[in-house]
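**Student:** quick one, fold the following:
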Amino acid sequence: MTAAAAGVELATPAWLAAVRDAVEAEAADPRWEGLQFSFAERLVAVPAALSGAGDEVGFTCTLQEGEVHFVATPSDEVEFAQRVEYDAARELAGQVYDDGAVGGASLKERFAAEGRIVTTGARSEAAAAFWLAVHNRLAPLTVVPHTTTTTNTPASAWEV
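**Tutor:** Down below sits the predicted model:
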């Protein structure tokens, strides 16, 4: 059984590898033919036990002409970027969303209003749908710790 099949803890190197694998698997779906984008995600205030070196973990991903380029370092030179506080990511990571992410929309909006999720740039509706599909591939595999500094823990979060 692979690490991804067994579950991976949010913000760990194994989780970044699972993100890359999910992106590559989703990009192979013919419905995304012609989709192009660049995206970066930066998780901040990550516990040192997870991040290893510092308090940030992230990645940059581009999809160009059907080719995925993924590096485990966030870049500011992308079309769309997200900076997410680790505790906010914890609450969102284990949830699978319907089209449009209705279940998490109010929570994401609250986190944005609180400055816990900051986005820059813009993405197309197709790119948003792609990342929703990637998120939903990862959600059942992502293990989130039980403790939090926030008040809302997702009911669907994995327990190991």
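**Student:** where do the helices sit along this structure?
**Tutor:** Secondary structure of the chain (DSSP state H): helices at 3-6, 13-27, 48-51, 86-93, 102-113, 125-138.
**Student:** not counting its neighbours along the chain, what's nearest the residue most central in space within the chain?
**Tutor:** Nearest to the geometric centre of the chain sits residue 135, at 6.0 Å (C-alpha atoms, centre = their mean). Counting by C-beta to C-beta, 6 or more residues apart in numbering, the nearest residue to residue 135 once its immediate chain neighbours are dropped is residue 97, at 7.0 Å. Placement of C-beta: from N, CA and C, glycine included.
**Student:** ok, that neighbour touching residue 137?
**Tutor:** No: if you go by C-beta atoms under 8 Å, residue 97 and residue 137 don't touch, sitting 11.8 Å apart.
**Student:** coming back round to it: report pLDDT for the residue nearest to residue 135.
**Tutor:** With respect to pLDDT, residue 97 scores 83.
**Student:** how about residue 11?
**Tutor:** For residue 11, the predicted pLDDT is 92.
**Student:** next one: residue 24
**Tutor:** Reported pLDDT for residue 24: 97.
**Student:** for it, give me its contacts.
**Tutor:** The neighbours of residue 24, taking C-beta atoms under 8 Å, 6 or more residues apart in numbering as the test, are 68, 70.
**Student:** again, only using 7 Å
**Tutor:** Residue 24 is in contact with residue 68, counting by C-beta atoms under 7 Å, 6 or more residues apart in numbering.
**Student:** go on, residue 118?
**Tutor:** Counting by C-beta under 7 Å, 6+ apart, residue 118 has contacts residue 83.
**Student:** what's across from it in the sheet?
**Tutor:** residue 83 (DSSP bridges).
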